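**Q** below are the sequence and a predicted model for it; my questions follow.
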Amino acid sequence: ESVFSNVARAPEDPILGVTVAYNNDPSPVKINLGVGAYRTEEGKPLVLDVVRKAEQLLVNDPSRVKEYIPIVGIADFNKLSAKLILGADSPAIAESRVATIQCLSGTGSLRVGAEFLKKHYHQSVIYIPKPTWGNHPKVFNLAGLSVEYFRYYDPSTRGLDFQGLLEDLGAAPSGAIVLLHACAHNPTGVDPTSEQWEQIRQLMRSKSLLPFFDSAYQGFASGSLDTDAQSVRTFVADGGECLIAKSYAKNMGLYGERVGALSIVCKSADVASKVESQVKLVVRPMYSSPPIHGASIVATILKSSDMYNNWTVELKEMADRIKSMRQQLFDAIQARGTPGDWSHIIKQIGMFTFTGLNKEQVEFMTKEFHIYMTSDGRISMAGLSSKTVPHLADAMHAAVT
Ligand SMILES: Cc1[nH+]cc(COP(=O)(O)O)c(/C=N/[C@@H](CC(=O)O)C(=O)O)c1O
C-alpha cells in the first residue's frame with residue numbers, strides 16, 4: 001500500500017494541457033492555437049538568428065566556466081534588463097533606485113516578487129484584471145497574498161471596461177497591490193490607451209496602490225521595445241515605486257531557458273539595496289541561484305549594439321507576422337459572411353485574439369475541426385499560418401452558424 005495512495009490525479013493545466021491534447025490527436029489537419037509560443041509560417045518554433053550567434057560566441061569562449069552565479073543572477077544581465085524596460089535614460093537607474101534580480105522567467109519573477117511582498121509589504125491583497133493569465137491567481141495565492149479582481153474586459157464591446165476598472169481600483173483599500181499587464185493583455189489583447197494609462201496612474205498614486213507590472217511581451221505587441229514599455233515608464237517617471245516582472249520567453253524566443261528578471265523601483269538607492277538584500281533571502285531557500293546559460297545569451301545580445309539591432313529586426317518580423325495573421329483571419333471570416341462583428345480580431349494586439357467564442361463552441365471546433373485552443377475562446381495567432389487560416393475560418397464559421 002503506497003504512502004501516496006491518497007494522492008488524487010490533478011487536472012491538466014488549462015493552457016499547457018491544450019498542447020497535451022493536441023499532441024495526442026492523430027489528425028493531419030489539427031492546429032495548435034493554445035500555448036502562447038511563436039511559430040513560423042511553416043508552423044515551427046523559432047530560434048532567433050541573433051540567439052544562435054550569441055550561443056556560438058559563448059560556446060567558443062574558453063574563459064567560460066560553469067560556476068554558481070550570484071543569488072541575484074548575472075550582474076550584466078540585471079543591469080541591461082533594467083535598461084531595456086526602463087529606458088537607457090531612466091533617472092531611476094541613474095540614481096541606483098532599482099533592485100533587479102534575475103529570476104526563472106516571468107513566472108519566477110512574479111513568484112519571487114509576491115513572496116517578497118508577503119514578507120515585507122504592509123498590504124497582502126493583490127488586485128488582478130478580470131480576466132487575466134490563468135497562472136496569476138495561483139502564483140499569488142501560493143505566495144500567501146489574497147487575490148481580488150478588478151473589472152477589465154467588456155464582453156459587449158470586446159474592449160476595455162475602463163469605467164469598471166476605475167471604480168474597482170477606486171474602491172480598493174489604500175496600499176493594495178495591483179497587477180498590470182505592461183502591454184498585450186493576456187488573454188484579451190486589449191490594452192489601455194496612453195491617456196487611460198495616465199488616468200490609471202493618477203488614481204493609483206492618489207490611493208498609494210502599488211503597481212506590479214507583468215511584462216511578458218515587450219516588443220511583441222507593437223513591434224517596438226520602447227512603445228511596449230511606455231506604461232511602465234509612465235509610472236516610473238513620476239518617481240513612485242513599483243515592481244516589474246520581465247520575461248524573455250517570447251520576445252527573445254528563450255521559452256525553455258527560463259530567463260527573466262524582477263525589478264523593484266524604490267524611492268532611494270539605500271532602500272533599493274536593502275530590498276535586494278531581502279529578495280536574496282527569498283531566492284536562496286527557493287532555488288538558491290538562477291541558471292547561467294539563458295541570461296548569458298541575453299546579456300551578450302543586449303551589450304552589443306549590432307546584436308541588439310539585429311534582435312529588434314527579428315522581433316519586428318515576429319510581431320508583423322502575427323499582425324498579418326490577424327488580417328488574413330479577419331478577411332477569411334468576412335469572405336465567408338460569418339455572422340457577427342469580427343473587427344476585434346484586427347483591433348486586439350499582441351499574441352492572442354480573444355474571439356468571444358464560448359466553451360461549447362470551442363469544444364465543437366476541437367471535436368469537428370481539430371482546432372486546439374483554450375476554453376475561454378483565446379487563440380494564439382502565432383500558431384497560425386497562411387495555410388491554416390482557411391481551416392480555422394471554416395471552423396469558426398461552422399461554430400457560429
Ligand atoms: C502575462 C504573462 N505573464 C507571464 C507569463 C509566463 O511566462 P514565462 O516567462 O514562460 O514564465 C505568461 C506566459 N504565457 C503563455 C505561456 C504559459 O501559459 O506559460 C500563455 O499564456 O500561453 C504570460 O502570458
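**A** Nice, I can see it.
**Q** now the stretch 201-350 of the chain against the ligand: closest residue?
**A** residue 247 (3.2 Å; Cβ to the nearest ligand atom). The C-beta positions use only the backbone N, C-alpha and C, and glycine is treated the same way.
**Q** residues near the closest residue to that residue other than its chain neighbours, how many?
**A** Leaving aside its chain neighbours, residue 247 sits nearest to residue 106 (3.1 Å; criterion: Cβ to Cβ, 6 or more residues apart in numbering). Neighbour count of residue 106, defined by other Cβ atoms under 10 Å: 26.
**Q** distance of residue 106 from residue 255?
**A** According to Cβ to Cβ, to the nearest Å, residue 106 and residue 255 sit 10 Å apart.
**Q** mutual contacts of the two, please.
**A** residue 249 (Cβ atoms under 8 Å, 6 or more residues apart in numbering).
**Q** how about the residues of this structure by the ligand?
**A** For the chain, the contact set with the ligand under Cβ under 6 Å from any ligand atom comprises 15, 35-36, 105-107, 133, 135, 181, 186, 214, 216, 247, 249, 255, 260.
**Q** could you work out the most separated pair of those?
**A** 181 and 255 (18.5 Å; Cβ to Cβ).
**Q** so these two - more neighbours on which side?
**A** Taking neighbours as other Cβ under 10 Å, residue 181 and residue 255 compare with residue 181 leading, 25 against 18.
**Q** residues contacting the more buried one?
**A** 129, 132, 133, 191, 213, 214, 216.
**Q** just say helix, strand or coil for the fifth one.
**A** In three-state terms, and counting by DSSP: H, G, I helix; E, B strand; the rest coil, residue 213 is strand.
**Q** surely it meets residue 182?
**A** Yes. Between residue 213 and residue 182 there is a contact under Cβ atoms under 8 Å: 4.8 Å.
**Q** between these two, what contacts are shared?
**A** 231, 232, 244.
**Q** state the helix or strand in which the first one lies.
**A** Spelled out, that is residue 231. helix 230-236 (DSSP states H and E).
**Q** which helices and strands sit right next to whichever helix or strand comes after that helix?
**A** Toward the C-terminal end, the helix or strand that comes next after helix 230-236 (DSSP H and E) is strand 242-247. Packed against strand 242-247 by the contact rule (3 or more Cβ pairs under 8 Å, 6 or more residues apart in numbering; DSSP states H and E) you find helix 75-86, helix 105-120, strand 210-215, helix 230-236, strand 259-265.
**Q** mean confidence for strand 242-247?
**A** Average pLDDT, strand 242-247: 98.
**Q** relative orientation of the helix or strand containing residue 280 and helix 75-86 in degrees?
**A** According to DSSP H and E, residue 280 maps onto helix 269-283. On the basis of axes from the mean of the first three to the mean of the last three Cα atoms, to 10 degrees, helix 269-283 is oriented at 110 degrees to helix 75-86.
**Q** where in the protein is pLDDT low?
**A** Along the chain, no part satisfies pLDDT under 70.
**Q** what about the residue lying closest to residue 49 once chain neighbours are set aside, which helix or strand?
**A** With sequence-adjacent residues excluded and distances taken as Cβ to Cβ, 6+ apart, residue 49 is closest to residue 314, at 6.4 Å. In this assignment (DSSP H and E), residue 314 forms part of helix 305-336.
**Q** follow-up on the earlier one: can you add neighbour count and distance to residue 177 and give the shared contacts of residue 213 and residue 182 back as TSV?
**A** Shown next, in TSV, are those (neighbours: other Cβ atoms under 10 Å; distance: Cβ to Cβ, whole Å):
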residue	neighbour count	distance to residue 177
231	24	16
232	26	16
244	28	13
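**Q** quick check, nearest of these to residue 120?
**A** For the shared contacts of residue 213 and residue 182, the nearest to residue 120 is residue 244 (16.8 Å; Cβ to Cβ).
**Q** picking that back up, which element follows the helix holding residue 314 toward the C-terminus?
**A** That would be, after helix 305-336 and using DSSP H and E, helix 344-347.
**Q** quick check: buried residues in that following helix?
**A** 344, 345 (16 or more other Cβ atoms under 10 Å).
**Q** now do the next helix or strand after it: which elements does it pack against?
**A** With elements assigned by DSSP H and E, the helix or strand that comes after helix 344-347 is strand 352-354. Strand 352-354 is packed against helix 344-347, strand 378-380, with contacts defined by 3+ Cβ pairs under 8 Å, 6+ apart.
**Q** need the contact partners of strand 352-354.
**A** 36, 153, 158, 184, 186-190, 326, 329, 344-345, 348, 376-381.
**Q** partner strands of that strand, with direction?
**A** Applying DSSP bridges, strand 352-354 is found paired with strand 378-380 (antiparallel).
**Q** contact partners of the strand it pairs with?
**A** Taking Cβ under 8 Å, 6+ apart as the rule, strand 378-380 contacts 33-37, 186-187, 351-355, 373, 392.
**Q** buried residues, the very next helix or strand once past it. List them.
**A** Sequence order places helix 389-400 as the next helix or strand after strand 378-380, per DSSP H and E. Within helix 389-400, the residues that count as buried by 16+ other Cβ under 10 Å are 389, 391, 392, 393, 394, 395, 396, 397, 399, 400.
**Q** next one: stretch 366-379
**A** In stretch 366-379, counting by 16+ other Cβ under 10 Å, buried: 366, 369, 370, 371, 372, 373, 374, 375, 376, 377, 378, 379.
**Q** check stretch 193-212 too.
**A** Buried-residue list, stretch 193-212, by 16+ other Cβ under 10 Å: 197, 200, 201, 203, 204, 207, 209, 210, 211, 212.
**Q** which residues touch the fourth one?
**A** With contacts taken as Cβ under 8 Å, 6+ apart, residue 203 has the following neighbours: 166, 169, 170, 209.
**Q** could you do the last one as well?
**A** Remark: with contacts taken as Cβ under 8 Å, 6+ apart, residue 212 is in contact with 110, 113, 117, 126, 177, 178, 179, 180, 242, 243, 244, 245.
**Q** from the ligand, how far out is the closest residue to residue 196 other than its chain neighbours?
**A** Distances taken as Cβ to Cβ, 6+ apart place residue 162 nearest to residue 196, at 5.8 Å, with adjacent residues excluded. Distance, residue 162 to the ligand, using Cβ to the nearest ligand atom, to the nearest Å: 20 Å.
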